[in-house]
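Q: pasting the sequence and the predicted model now:
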There are 2 protein chains.
Amino acid sequence: MGTTAEATRAMTAPEPKYWYLRTVLVRAIDSEFTPGQVLPNERDLAARFGVARATLRQALDQLELEGRLIRRRGIGTLVAAPRVGVPVASSVPAGPSGPGESGGGEEAAEGDSWRFVGSGPASAPAAVASELGVAAGASVHTVRRLRVVGGRTVGTETLYVPSAQDGGLHAADPAAPGPQDGRAPLGLAGESRAVELGVAEDAEARLLERPPGSPVLVVTTRYASEGRTAAVAVSTYRADTCRLTFGPDGGGRVEVGAGADRPVRNAS
Amino acid sequence: MGTTAEATRAMTAPEPKYWYLRTVLVRAIDSEFTPGQVLPNERDLAARFGVARATLRQALDQLELEGRLIRRRGIGTLVAAPRVGVPVASSVPAGPSGPGESGGGEEAAEGDSWRFVGSGPASAPAAVASELGVAAGASVHTVRRLRVVGGRTVGTETLYVPSAQDGGLHAADPAAPGPQDGRAPLGLAGESRAVELGVAEDAEARLLERPPGSPVLVVTTRYASEGRTAAVAVSTYRADTCRLTFGPDGGGRVEVGAGADRPVRNAS
DNA sequence: CAGTGGTCTAGACCACCCT
DNA sequence: GGGTGGTCTAGACCACTGA
């Protein structure tokens, strides 16, 4: 019984203990726990599995990275709810009954909005400068806002616009407190996006209510106008709680718990 | 001298050592090293900074997660090259001079293709089943392929198609070895995608030439036909080396080293 | 073989939360 | 105060690489 796992562990380059623990914990979480429930504390778990606490923590680190667990200092380790689907606008005009107050949501936990934080001039970071085609360190106009879903801050966004063109674009200032639609800031067409993994720096971590170093999904959006990049937005989303959704249908409404619960990656 | 950092460390909830180390290393990497260069070994670095090796490793873990470092057992710790931009097709018809052989790339390191791995029936994982609207565990047709960029395997993809409709769709089998275009498999419109963070399981880790538990970007694509989901594809991309690009322009060609080197996330 | 990163241990102290 | 997760240590052994 259960010899399968142990046999695997014995031969062919022994599986690390922490990876084995992760497997066991995944099964336990999926079958015997429900979201919000607290797991036994780390010292107990380590003792129960007969490993050092550091080894157990290595397994928990994995599960937290996968968004299956949430660890809170002073509280305990909780089973996480499925990730919330966060629409990343895709040039889709806000449909009838614009989002923000939900127009027929599937869950109670709606409420998708942007919260204005601040704006002002700043010297363009290297990457942004090259993207905008301005000199490195040149002064650009920035707008900072937060993405709030279901009362939780899940992301941040900084919009960079060359100071020169500010006048023309600022007319319909996109990130002002007002508009809560998921549409593209600025009345521009031809966006292109890139998504990659990053970690939250100090200031950002505070905004996202996470410790520094927490994984985030970094979305870089280029807004093109007349063939040139008119603005760049850099957004970061909590990787633990967010599933970014793209495309025509995902462009408007927050999905929570809808659709697949977990990414699937076991063929055969 | 350097009192700034230490003063910060002293007051206001002392910054963890590993986070401070990360900051120092980031600066060193960006200024004094070039991609491919090897760092001093962990024991030396730890001694140099006056910390335990485990603490230093915590800092290196962060940097590896950010894609700034690559650690190879038996070799050393290398400075990573900027992430490669991997186009995620967006229903854009392959332009003239279809991708695959490059039609005017900006770098020599081109070569973007899919490599067929295998196909066959499989019982649908829960999440896929619900997405396709079939019974959990129902038999579905699967196609597995690898994304190869510049000779390196950077991603995997598993396509799930309900067995019932197989006949009709299979006519233009999309994932067969032949077609190397970045276009959507199946001649379907109305895709929608979701991106989230995951970790590579054992089999997948081998395909991606990474240890189990490595972070991956999981892309779930729904292919709609006549308002219903006709197929689901689950792709995973190495989070350390990939920057996923979306949109009209990013839809065809691999960017490497083009554009921004690093995501920018320091407004102020 | 020597050198590297990967894993694991046993223990300590700290920061935070709740009662 | 008592319990929790977060950080850090000093040391050990293993697995892999390359000469």
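A: Yes, it's here.

Q: which parts of chain A sit against DNA strand C?
A: Applying Cβ under 7 Å from any atom of the strand, we find that chain A lies next to DNA strand C at A:16-19, A:50-55, A:58, A:72-75. All C-beta spots, glycine's among them, are computed from the backbone N, C-alpha and C.

Q: report the buried members of the residues you listed.
A: Buried positions within these, assessed by neighbour count (16 or more other Cβ atoms under 10 Å in any protein chain shown), are A:16-19, A:51, A:58.

Q: coming back round to it: between the residues of chain A next to DNA strand C, which is closest to A:Ala89?
A: The closest of the residues of chain A next to DNA strand C to A:Ala89 turns out to be A:Arg72 (Cβ to Cβ; 31.7 Å).

Q: near chain B, from the residues of chain A next to DNA strand C?
A: Near chain B, judged by Cβ under 8 Å from any Cβ of the partner chain, the entries from those are A:19, A:54.

Q: what's the most distant pair in the residues of chain A next to DNA strand C?
A: A:Pro16 and A:Gly74 (29.3 Å).

Q: kindly state the beta-bridge partners for the spatially closest residue to A:Leu39 that is not a sequence neighbour.
A: Counting by Cβ to Cβ, 6 or more residues apart in numbering or on different chains, A:Thr77 is the residue found nearest to A:Leu39 once chain neighbours are left out, at 4.5 Å. Beta bridges link A:Thr77 to A:Arg71, judged by DSSP bridges.

Q: quick check, A:Thr77 in contact with A:Ala59.
A: No. Using Cβ atoms under 8 Å, A:Thr77 is not in contact with A:Ala59, being 11.1 Å away.

Q: wait, A:Arg71 sits on A:Leu65?
A: No. Using Cβ under 8 Å, A:Arg71 is not in contact with A:Leu65, being 11.3 Å away.

Q: isn't A:Gly133 up against A:Gly227?
A: No. Using Cβ under 8 Å, A:Gly133 is not in contact with A:Gly227; the gap is 11.5 Å.

Q: more crowded one of the two?
A: A:Gly133 (11 against 7; other Cβ atoms under 10 Å in any protein chain shown).

Q: list the contacts of the nearest residue to the more buried one once chain neighbours are set aside.
A: Closest residue in space to A:Gly133, ignoring its immediate chain neighbours: A:Thr229 at 6.4 Å, by Cβ to Cβ, 6+ apart. If a contact means Cβ atoms under 8 Å, 6 or more residues apart in numbering or on different chains, then A:Thr229 has A:131-133, A:222-223 as its contacts.

Q: got the phi and psi for A:Thr229?
A: When read as degrees, to the nearest 10, the backbone of A:Thr229 gives phi -80, psi 110.

Q: which residues does it bridge with?
A: A:Ala224.

Q: returning to what we had before: how about the buried ones among the residues of chain A next to DNA strand C in JSON lines, adding pLDDT and secondary structure?
A: Formatted as JSON lines, these follow (pLDDT from 0 to 100; DSSP: H, G, I helix; E, B strand; the rest coil):
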{"residue": "A:Pro16", "pLDDT": "95", "secondary structure": "coil"}
{"residue": "A:Lys17", "pLDDT": "97", "secondary structure": "helix"}
{"residue": "A:Tyr18", "pLDDT": "97", "secondary structure": "helix"}
{"residue": "A:Trp19", "pLDDT": "97", "secondary structure": "helix"}
{"residue": "A:Val51", "pLDDT": "97", "secondary structure": "coil"}
{"residue": "A:Gln58", "pLDDT": "97", "secondary structure": "helix"}
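
Q: which element is A:Leu25 on?
A: Secondary structure assigned from DSSP states H and E places A:Leu25 in helix A:17-32.

Q: which neighbouring elements make contact with that helix?
A: If you count contacts as 3 or more Cβ pairs under 8 Å, 6 or more residues apart in numbering or on different chains; DSSP states H and E, helix A:17-32 packs onto helix A:3-10, helix A:53-65.

Q: report all helices and strands that the helix or strand that comes right after that helix contacts.
A: Per DSSP H and E, the first helix or strand lying C-terminal to helix A:17-32 is helix A:42-49. When contacts are defined as 3+ Cβ pairs under 8 Å, 6+ apart, helix A:42-49 packs onto helix A:53-65.

Q: ok, the residues of chain A next to DNA strand C vs B:Asp44, which is closest?
A: When these are compared against B:Asp44 (criterion: Cβ to Cβ), the nearest one is A:Ala54, at 22.6 Å.

Q: how far away is that closest one from B:Thr220?
A: As for A:Ala54, its distance to B:Thr220 is 34 Å (criterion: Cβ to Cβ, to the nearest Å).

Q: quick one: which of the buried ones among the residues of chain A next to DNA strand C is nearest chain B?
A: Nearest to chain B, judged by Cβ to the nearest Cβ, of those is A:Trp19 at 5.6 Å.

Q: just give the closest residue to the closest one, not the sequence neighbours.
A: B:Pro212 (5.6 Å).

Q: try A:Pro211
A: A:Ala205 (6.1 Å).

Q: got it, and A:Val24?
A: Using Cβ to Cβ, 6+ apart, the closest residue to A:Val24 is A:Phe49 (7.7 Å).

Q: got it, and A:Glu157?
A: For A:Glu157, the spatially nearest residue (Cβ to Cβ, 6+ apart) is A:Ser235, at 4.2 Å.

Q: next: A:Ser119.
A: Closest to A:Ser119 by Cβ to Cβ, 6+ apart is A:Val143, at 4.3 Å.
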